[in-house]
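> Take this sequence and fold it.
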Amino acid sequence: MMYNPTKKLQRSSQILSILAKYGFKDAIARLPWKGPRASLERNIDVDKISVYTRIRMALEELGPAFIKLGQSASTREGLLPKDLVEELKKLEDNVPPFEVDIQEYLAEELGLTSPNNLRPSRRSPLLLHLLRRSIGRR
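Numbers count the residues shown, from 1 in each chain. This is a model prediction of the structure:
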């Protein structure tokens, strides 16, 4: 995959915004973030929702990788508070499916101008490997 600093900065900013939205500004304040903090506004009333529910909601909004992190954490009953584990277990059953057009996603990640560049006649061994990994085959 190609390194795109702009995309990385956008994603970092998105993560910080979502954390702020769910009331985790104290955690954000401890990060070595040099970007603007003015846009980090809350959109929900955090006083009416438990911190564990807000953690789950933030993980859901952050996307599949964070949902998987929450699902993994839900199996650590001896390390995490029981109420947090119960909330994270909701990530196992009650998560909307992640829909993505795999060709468009790969074209964007590989810096191709069009998903049509992924036609079978043009697939490189690396591209085939990436496609197989994306659908769970080795």
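
> Could I get the average pLDDT for the helix or strand where Leu88 lies?
Under the criterion of DSSP states H and E, Leu88 resides in helix 82-93. Per-residue pLDDT values over helix 82-93 give a mean of 93.

> again with stretch 102-114
72.

> Pull out the buried residues from it.
Buried residues in stretch 102-114, defined by neighbour count with 16 or more other CB atoms under 10 Å: 103, 106-107, 112. (C-beta placed from N, C-alpha, C; glycine too.)

> Determine the longest helix present in the chain.
helix 5-21 (DSSP state H).

> which strands and helices sit next to whichever helix or strand comes after that one?
Later in the chain than helix 5-21, the nearest helix or strand by DSSP H and E is helix 25-29. Other helices and strands packing on helix 25-29, by 3 or more CB pairs under 8 Å, 6 or more residues apart in numbering; DSSP states H and E, are helix 5-21.

> what's the helix it packs on packed up against?
helix 25-29, helix 51-62.

> can you rerun that using 6 Å?
Applying 3 or more CB pairs under 6 Å, 6 or more residues apart in numbering; DSSP states H and E, one finds that helix 5-21 makes contact with helix 51-62.

> For the helix it packs on, give the mean pLDDT please.
94.

> Report the angle between it and helix 5-21.
150 degrees (axes from the mean of the first three to the mean of the last three CA atoms, to 10 degrees).

> Show me the contact partners of the helix holding Leu88.
52-53, 56, 67, 70-71, 73-74, 77 (CB atoms under 6 Å, 6 or more residues apart in numbering).

> contacting residues around Tyr22?
With CB under 6 Å, 6+ apart, Tyr22 has these contacts: 54, 57-58.

> now, among the residues you listed, which is nearest to Lys7?
Among these, Ala58 lies closest to Lys7 (CB to CB), at 20.8 Å.

> Would you mind measuring from that closest one to Asp101?
Counting by CB to CB, to the nearest Å, the gap from Ala58 to Asp101 is 26 Å.

> These two: who's more crowded?
Each of Ala58 and Asp101 has its neighbours counted (other CB atoms under 10 Å); Ala58 has more, 19 against 10.
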